[in-house]
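Novice: Generate a structure from the sequence data that follows.
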Amino acid sequence: MIGASKVVKMEEAVAAVPNGAHLALSGFAITRSPVAFAHELIRQGKKDLTLSQCIGAFETDLLVGAGAVKRLNYGGGSLDRPGPLYNVNRAIEQKTVEINEYSNLSLAMRFLAGSVGIPYIPSQTILGSDILARLLETKSDEIKTGECPFTGEKVVYLRALFPDFAVVHVPKADKKGNAIIYGPRWDQEAALASDEIIIIADEIISEELTPYIAQEVIIPAPRVKMVVHQPYGAHPTSVYGKYDYDRAHIEEYVSYASTPQGMQEYLDKYIYSVKSFDEYLELIGGLKRITELTADSLKKY
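Specialist: Below you'll find the model as predicted:
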């Protein structure tokens, strides 16, 4: 059945996010990061954001480097072979952002608890680790230890995460918000735990086709608030089946981000100097460059 379109412009979707909001982001290192959304958050001057992400990724380092983040819950991360998350690491050293470091699994379980609507989830992950010791030292109200009521074994109680928004980059979605993700995925629970879901799609497919590929829908339309159509919106990170990561650009980013002055130059050159992500794509080489990154139809990357 054809329903009301939820497709909006990027500017409108980002304007709906208030300063101080809590966001769950779909990126994983240099894969499926909602980079176009992060660019617009920076252009609109959003501040005091809380970010939650199982593995820190490109868009998170970008937002921290732009001074948009107040608090970060994450499970470590990097930009893979091109380099570290310089801005996140600097924020840890200089204590300019409140950073709560978990393991990838413990954050995933917090999202899982949120996605099924329970207040906390017991686990034995991070027991005996420095991660747990550090979180307990800070007297975090998001983690406690206790005993299993059935066996008496020591367990960790992980408080559920309920972000205000999940921002998820996907290869395909229809106008109602049925979102398809190919290849590895790690963000389904984060999306379902959030109050509102914003989908950024490389491609908008016909709603008439969705019933024929219903088994491929990972995030269902009734949970989705808005859909933004932005081809190559995850550049320079990859989207399985669509395009590879742009290693040359990520290495260029790393060279800029290694110092605060360099990071400001990157922001000025690639974000503040353009009005939209489409203009940014022209700046990095336009059709010629993004065609070079297009995934092989057989290999999917």
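Novice: where does the chain have low pLDDT?
Specialist: For the chain, applying pLDDT under 70 flags the ranges 1-3.
Novice: which residues in it form helices?
Specialist: Shown for the chain, the helices assigned by DSSP state H span residues 10-15, 35-43, 58-65, 86-94, 104-115, 130-137, 188-193, 247-257, 260-267, 277-283, 286-293.
Novice: Can you lay out the ones you listed as a markdown table showing mean neighbour count?
Specialist: Using the backbone N, CA and C atoms, a C-beta is placed for each residue, glycine as well. A markdown table is the format used below for those (neighbours: other CB atoms under 10 Å):
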| stretch | mean neighbour count |
| --- | --- |
| helix 10-15 | 18 |
| helix 35-43 | 25 |
| helix 58-65 | 27 |
| helix 86-94 | 18 |
| helix 104-115 | 22 |
| helix 130-137 | 14 |
| helix 188-193 | 24 |
| helix 247-257 | 18 |
| helix 260-267 | 16 |
| helix 277-283 | 17 |
| helix 286-293 | 13 |
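Novice: Adding distance to residue 76, write the ones you listed out as TSV.
Specialist: As requested, those are arranged in TSV below (distance: least, CB to CB, whole Å):
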stretch	distance to residue 76
helix 10-15	27
helix 35-43	19
helix 58-65	11
helix 86-94	9
helix 104-115	7
helix 130-137	9
helix 188-193	16
helix 247-257	17
helix 260-267	20
helix 277-283	28
helix 286-293	27
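Novice: how about the ones you listed, which one is nearest residue 216?
Specialist: Closest to residue 216 of these, according to CB to CB: helix 188-193, at 12.8 Å.
Novice: same for the closest one, what does it pack against?
Specialist: Packing partners of helix 188-193 (3 or more CB pairs under 8 Å, 6 or more residues apart in numbering; DSSP states H and E): strand 22-25, helix 104-115, strand 165-174, strand 217-219.
Novice: what residues are up against the nearest residue to residue 267 once chain neighbours are set aside?
Specialist: Distance criterion CB to CB, 6 or more residues apart in numbering; nearest residue to residue 267, sequence neighbours excluded, is residue 66 at 5.8 Å. Going by CB atoms under 8 Å, 6 or more residues apart in numbering, residue 66 touches 42, 267, 271.
Novice: Residue 46 versus residue 66, what's the distance?
Specialist: Between residue 66 and residue 46 the distance, using CB to CB, to the nearest Å, works out to 9 Å.
Novice: hmm, back to that, so which of the helices of the chain is nearest residue 206?
Specialist: Between residue 206 and those, the tightest spacing by CB to CB is seen for helix 10-15, at 21.5 Å.
Novice: before we move on, back to that, adding distance to residue 92, write the helices and strands packed on helix 188-193 out as CSV.
Specialist: Shown next, in CSV, are the helices and strands packed on helix 188-193 (distance: least, CB to CB, whole Å):
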stretch, distance to residue 92
strand 22-25, 18
helix 104-115, 17
strand 165-174, 23
strand 217-219, 32
